[in-house]
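Enquirer: After the sequence you'll find the predicted model.
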Amino acid sequence: SKSLEFEVPIIGSRRRVPGEDVLFALAGEPFGYECAVEMAATRLRTTGLLPTRSLGRTGSGRAETNAVLSSYALQYTRRRWIQRSLVILSALLILYMTVWNMLMGAGSPKAGASVGGRTVRGGGRVAAYDGHVVLAVATNTTAESLSIFINSWNTYAPGHRIVVFAESDILDAPGVAQYLRELHVDTVKVHRPPLLDDIFDEEEPEKPGRLALASLRQVAKFVGTNGVIDWATVKGVALVTTAGDVVLQGDPFEDNSVKQYIPKQGIVLALNGGPELGAVRVATDTEMLSSLRDCFGMNMAEKMSKLSLINGHVVLGAHRGMSEFLDLVVDVLGTRTRERCLGNWRADLAAIQYSVGEFGRDPRNVDFPFSLRDHVTSTVYGARYGLPCKIDSAGILRRRPPEGSARRGPTPTVISQYSSSSYLRDMYRGRYSHYARERVDFDHRPGE
């Protein structure tokens, strides 16, 4: 480290300095000529400037040594000067681009321009939007499943603005971008985060927990800024964490429980259950229990196993409550991004279960009001545990009353986890995806 202190005057002089001066400068301190030669030669050889050779230490050999070391030391200092100059120029360029982007960001984006990876529809900045916004995470899904979600939502709630968060393998597939533009759907590309753990772990980039974290971070960032949408005028927000497994059969914002919590700046979630199983506990769902173990440890998973199982696939509420909820979930998931949690497919659902079910049991821990609706009264219906059900002639799924009870509850407006039933999957595929398949090659997946 001391040698660095001597490099500045050598570089600044821009002249050939006496060999012994360079020699002792590189050595650090004058420990004696022979010791200094060894230290300086070693230091120069590590840089590749000094070839392996014997250097004299006395008489004419000493003079030759001074000349050789002086020559190579000047090359060394020049190389260091060039390297530092490139670093400084790079830093200045980054600073310039940052200031430029900030200044340009103060203007209004043009119609159809790409802002932060998303396509802005319409002309200029959206100054006000007095409708509802749907934030749909479509990672780990297919373009066909995404089309089912979008078409069902446009059928029953056509006035809502849909923003899709997906990876490039879906958004860049042939015809998909044009198809989404025609449906007036905004898109945000989700990029996997950089390596956080062992850089030599070959399986690390494939760990799906990273994608869940990256997706929710993108959504939280989108909700927390007014770059595209003026959130002050938005009536309500829907977060869909699994867009490829959700369909609509009504407007969820017309549900009374949702209407009640939006003025409170809160959110509404559903609990899983069904007519035969009743209310479902965390211990019943082996996948959720495994996710909690991976992300929060055995003791916490055991503690939470007795809690009601939250349906984290769809969350409804006000913008402020949704923003605070997302910040909490991202913060919880961000502290569990190492080792086993990164390898779990549904680390996001585990983080939602913990944030609301465990951490949120004490209202003082959270900054937003929330409601957990039971499986009978919730507007979100989880098909995985909600079957059997009734389907009328119009294809509308209706709840069956629990065993020994006439209490059936309202018709749900949102169906999640429909892929757990082959009948529902085929029904929705035949109803919503045929239009898309005529125009988009959904069978094409890059890399397959």
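Expert: In hand now; what should we look at?

Enquirer: where does the stretch 51-200 of the chain dip in pLDDT?
Expert: Within the stretch 51-200 of the chain, the segments meeting pLDDT under 70 span 51-77, 100-128, 193-200.

Enquirer: Can you point out the helix or strand that includes Arg78?
Expert: Here Arg78, judged by DSSP states H and E, is contained in helix 59-105.

Enquirer: And what about Val268, helix, strand or coil?
Expert: Following DSSP: H, G, I helix; E, B strand; the rest coil, Val268 is assigned to strand.

Enquirer: That one contacts Val315, correct?
Expert: Yes: between Val268 and Val315 there is a contact under Cβ atoms under 8 Å: 7.4 Å. C-betas here are computed from N, CA, C, even on glycine.

Enquirer: residues contacting Trp153?
Expert: Val134, His160, Ile162, Leu248 (Cβ atoms under 8 Å, 6 or more residues apart in numbering).

Enquirer: Just give the number of residues close to the first one.
Expert: Val134 has 26 neighbours, counted by other Cβ atoms under 10 Å.

Enquirer: Shouldn't it be within a strand?
Expert: Yes: remark: Val134 belongs to a strand, assigned using three-state DSSP.

Enquirer: where's it relative to Gly159, distance?
Expert: Val134 is 11 Å from Gly159, where distance means Cβ to Cβ, to the nearest Å.

Enquirer: With the last one instead?
Expert: Going from Leu248 to Gly159 by Cβ to Cβ gives 13 Å.

Enquirer: These two: which is more packed in?
Expert: Legend: neighbour count by other Cβ under 10 Å for Leu248 and Gly159, higher for Leu248 (25 against 10).

Enquirer: which strand residues sit across from the more buried one in the sheet?
Expert: Beta-bridge partners recorded for Leu248 (DSSP bridges): Val414.

Enquirer: buried stuff in stretch 281-297?
Expert: For stretch 281-297, the neighbour count (16 or more other Cβ atoms under 10 Å) marks Arg281, Val282, Asp285, Met288, Leu289, Ser290, Ser291, Leu292, Arg293, Asp294, Cys295, Phe296 as buried.

Enquirer: what stretches of the stretch 301-448 of the chain score poorly on pLDDT?
Expert: If you take pLDDT under 70 as the line, the stretch 301-448 of the chain has these spans: 336-339, 406-407, 433-448.

Enquirer: mind listing the strands in it by residue range?
Expert: 310-317, 370-373, 380-382, 390-391, 397-398, 414-416 (DSSP state E, counting those that start in this stretch).

Enquirer: For those, give me TSV that also has distance to Thr225.
Expert: Shown next, in TSV, are the strands of the stretch 301-448 of the chain (distance: least, Cβ to Cβ, whole Å):
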stretch	distance to Thr225
strand 310-317	18
strand 370-373	23
strand 380-382	27
strand 390-391	41
strand 397-398	37
strand 414-416	27
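
Enquirer: Would you mind putting the ones you listed into a markdown table with distance to Arg431 and mean neighbour count alongside?
Expert: Shown next, in a markdown table, are the strands of the stretch 301-448 of the chain (distance: least, Cβ to Cβ, whole Å; neighbours: other Cβ atoms under 10 Å):
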| stretch | distance to Arg431 | mean neighbour count |
| --- | --- | --- |
| strand 310-317 | 19 | 28 |
| strand 370-373 | 26 | 18 |
| strand 380-382 | 17 | 28 |
| strand 390-391 | 12 | 12 |
| strand 397-398 | 12 | 18 |
| strand 414-416 | 12 | 26 |
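
Enquirer: surely Ser215 meets Asp348?
Expert: Yes: under the criterion of Cβ under 8 Å, Ser215 makes contact with Asp348 at 7.3 Å.

Enquirer: neighbour-wise, which of those two wins?
Expert: A side-by-side neighbour count of Ser215 and Asp348, using other Cβ under 10 Å, places Asp348 first with 27 against 24.

Enquirer: right, and that one touches Leu239 too?
Expert: No: look at Asp348 against Leu239 with Cβ under 8 Å: they stay out of range, at 10.6 Å.

Enquirer: For the stretch 151-300 of the chain, which segments count as helices?
Expert: For the stretch 151-300 of the chain, the helices defined by DSSP state H, counting those that start in this stretch occupy 168-171, 176-182, 209-223, 256-261, 286-304.

Enquirer: Comparing these, which stretch has the densest surroundings?
Expert: Neighbour counts (mean count of other Cβ atoms under 10 Å) averaged over each of the helices of the stretch 151-300 of the chain peak at helix 209-223, with a mean of 22.

Enquirer: Can I get it in CSV, CA atoms only?
Expert: Extracted in CSV, the C-alpha atoms of helix 209-223 (Å, rounded to 0.1, in the frame of the first residue of the first chain):
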residue,chain,number,x,y,z
GLY,A,209,-36.8,-17.4,-5.9
ARG,A,210,-34.7,-14.7,-7.6
LEU,A,211,-37.4,-14.2,-10.2
ALA,A,212,-40.2,-13.9,-7.6
LEU,A,213,-38.1,-11.2,-5.8
ALA,A,214,-37.3,-9.4,-9.0
SER,A,215,-41.0,-9.4,-10.1
LEU,A,216,-42.3,-8.0,-6.9
ARG,A,217,-39.6,-5.4,-6.8
GLN,A,218,-40.5,-4.2,-10.3
VAL,A,219,-44.2,-4.0,-9.3
ALA,A,220,-43.4,-2.1,-6.1
LYS,A,221,-41.3,0.3,-8.0
PHE,A,222,-44.0,0.8,-10.6
VAL,A,223,-46.6,1.4,-7.9
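
Enquirer: Quick one: mean pLDDT over that helix.
Expert: Mean pLDDT, helix 209-223: 88.

Enquirer: counting contacts, what elements does that helix pack onto?
Expert: For helix 209-223, the elements it packs on are strand 132-137, strand 161-166, helix 319-334, helix 347-352, judged by 3 or more Cβ pairs under 8 Å, 6 or more residues apart in numbering; DSSP states H and E.
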